[in-house]
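Chemist: Give me a model of this one.
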Amino acid sequence: MAEKDTTPKRWGGRLVLWVVLPYAALVAFYLAVFRLQVRRLNDAVCFLNKHILNPVMMFLDRRHWYAAVLRHKGRRSGREYATP
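Modeler: Predicted coordinates:
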């Protein structure tokens, strides 16, 4: 029987595919949004957070999500507020 080929060449490709490339993408995204202040990308992230992720978080509430929803009542108006 022939042994399986577990050469470093195969593992190197998998390492690049599953570790290095996603990390490089996150670093590039961080630099583009927070350091270089790319205006259009920054606006897109703000829109995504405000109009898509926040309503989803409000719907899921604390039981099903990693973060909480802060609920409070207005001091003068008495109106109920919720902040994800």
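Chemist: mind giving me the domain ranges of this protein?
Modeler: 8-37, 39-84 (automatic domain parsing).
Chemist: what would those look like in TSV with mean neighbour count and mean pLDDT?
Modeler: The way it works is simple: take the backbone N, C-alpha and C, and place the C-beta from them, glycine included. Shown next, in TSV, are the domains of the chain (neighbours: other Cβ atoms under 10 Å; pLDDT from 0 to 100):
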stretch	mean neighbour count	mean pLDDT
domain 8-37	11	76
domain 39-84	11	83
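Chemist: Apart from its neighbours in sequence, what residue is nearest Asn54?
Modeler: The shortest distance from Asn54 to any non-neighbouring residue, by Cβ to Cβ, 6 or more residues apart in numbering, is to Pro84 (4.8 Å).
Chemist: Distance of that neighbour relative to Gly13?
Modeler: Distance of Pro84 to Gly13, given as Cβ to Cβ, to the nearest Å: 40 Å.
Chemist: How about Tyr66?
Modeler: Using Cβ to Cβ, Tyr66 is found at 33 Å from Gly13.
Chemist: likewise Val45?
Modeler: Val45 is 32 Å from Gly13, by Cβ to Cβ.
Chemist: quick one, strands of the protein?
Modeler: 70-73, 80-83 (DSSP state E).
Chemist: These into CSV, with extra columns for distance to Asn54?
Modeler: Output for those, formatted as CSV (distance: least, Cβ to Cβ, whole Å):
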stretch, distance to Asn54
strand 70-73, 12
strand 80-83, 9
